[in-house]
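K.L.:
Okay, here's the prediction I keep looking at, along with the sequence it came from:
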Amino acid sequence: MNYETTPQEDVINKTVDAIKGRGINVILVDTKEDALEKVKELIPEGKSIMNGSSRTLEEIGFVDYLKENTDKWNNLHVPAMMEKDQMKQMQMMKEAQLAEYFLGSVNAIAETGELVAADASGSRIGAYPFAAGNVLLVAGVNKIVPTLNEAITRIKEHVLPLESERVKKEMGMPGSMIGKMLIFEREMFEGRTTLILVKEKLGY
């Protein structure tokens with residue numbers, strides 16, 4: 001299966017309806033620029049924020065925007081990264097999962113409405129199920145596949161090899177692995193989780 005293609009409009013609309021039916025807000029936008037503007041619009045100034053590592057957040061310009069606008073929000077990532085004591089840093093990263101807004105992405109989206117995210121340690125997706133006050137996800141429509149089983153296959157056969165190659169090149173590590181996998185089956189807290197779905201190829 002080609003995991004790089006973008007689906008037809010009817011498939012996108014069907015998927016949006018299925019996700020909404022699971023209690024997750026969906027905002028459909030045309031471009032990555034629209035996605036960044038929507039992120040800025042949705043997070044009130046002064047709120048505490050944290051984000052997981054995400055190619056998608058990088059590609060829409062959110063990571064650079066954070067660096068240039070240090071006073072807009074209380075970015076919990078900054079003090080954690082400045083901490084030199086490894087144990088203290090780990091504790092701060094855990095506490096940052098309680099941010100008022102946690103941003104990230106998912107690795108696969110099923111047409112039946114499930115969102116699936118995987119991580120090696122769990123630090124990127126730890127806030128998604130419960131800890132964060134609000135979860136704001138950004139993903140390209142290229143991550144849509146027909147079923148939940150195919151979503152999991154997408155992560156194992158497509159995402160993991162690409163992520164492994166990235167950490168080898170950028171971090172000098174032997175590769176990555178799937179340590180934790182999370183399925184958004186349903187959101188029971190109204191308004192807590194929002195997916196900004198972009199009609200472009202973003203991330204992998």
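P.N.:
Right, received. Where do you want to start?
K.L.:
What pLDDT is listed against the spatially most central residue of the chain?
P.N.:
The centroid of the chain falls nearest to residue 105 when counting by CA atoms, centre = their mean (1.3 Å). Looking at residue 105, its pLDDT is 98.
K.L.:
What distance do you get for it to residue 174?
P.N.:
Note on residue 105: its distance to residue 174, by CB to CB, to the nearest Å, is 24 Å. Yep, even glycine has a C-beta here, placed from its N, CA and C like the rest.
K.L.:
Check residue 54 too.
P.N.:
Separation of residue 54 from residue 174 (CB to CB) stands at 22 Å.
K.L.:
Which one's more surrounded, those two?
P.N.:
Using other CB atoms under 10 Å as the criterion, residue 54 and residue 174 rank with residue 54 on top: 22 against 9.
K.L.:
Could I get the buried residue list for stretch 69-89?
P.N.:
For stretch 69-89, burial by neighbour count (16 or more other CB atoms under 10 Å) applies to 72-77, 80.
K.L.:
Between the two ends of stretch 90-102, how far is it?
P.N.:
17 Å (CA to CA, to the nearest Å).
K.L.:
buried set for it?
P.N.:
Across stretch 90-102, burial judged by 16+ other CB under 10 Å covers 92-93, 96-97, 99-102.
K.L.:
From the chain's centroid, how far away is it?
P.N.:
Taking CA atoms, centre = their mean, to the nearest Å, one finds stretch 90-102 lying 15 Å from the centre of the chain it belongs to.
K.L.:
Contacts for that stretch next, please.
P.N.:
Stretch 90-102 is contacted from outside by 42-43, 47-52, 73, 76-77, 79-80, 83, 123, 126-128, 131-136, using CB atoms under 8 Å, 6 or more residues apart in numbering.
K.L.:
which residues of the chain fall in strands?
P.N.:
25-29, 48-51, 74-75, 101-104, 108-110, 115-119, 134-140, 144-145, 180-184, 193-198 (DSSP state E).
K.L.:
any chance of these in JSON lines, with distance to residue 161 too?
P.N.:
What follows is the strands of the chain, written out as JSON lines (distance: least, CB to CB, whole Å):
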{"stretch": "strand 25-29", "distance to residue 161": "29"}
{"stretch": "strand 48-51", "distance to residue 161": "24"}
{"stretch": "strand 74-75", "distance to residue 161": "32"}
{"stretch": "strand 101-104", "distance to residue 161": "21"}
{"stretch": "strand 108-110", "distance to residue 161": "14"}
{"stretch": "strand 115-119", "distance to residue 161": "13"}
{"stretch": "strand 134-140", "distance to residue 161": "18"}
{"stretch": "strand 144-145", "distance to residue 161": "16"}
{"stretch": "strand 180-184", "distance to residue 161": "16"}
{"stretch": "strand 193-198", "distance to residue 161": "23"}
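K.L.:
from the ones you listed, which stretch is densest packed?
P.N.:
Mean neighbour count (mean count of other CB atoms under 10 Å) peaks for strand 108-110 among these, with a mean of 26.
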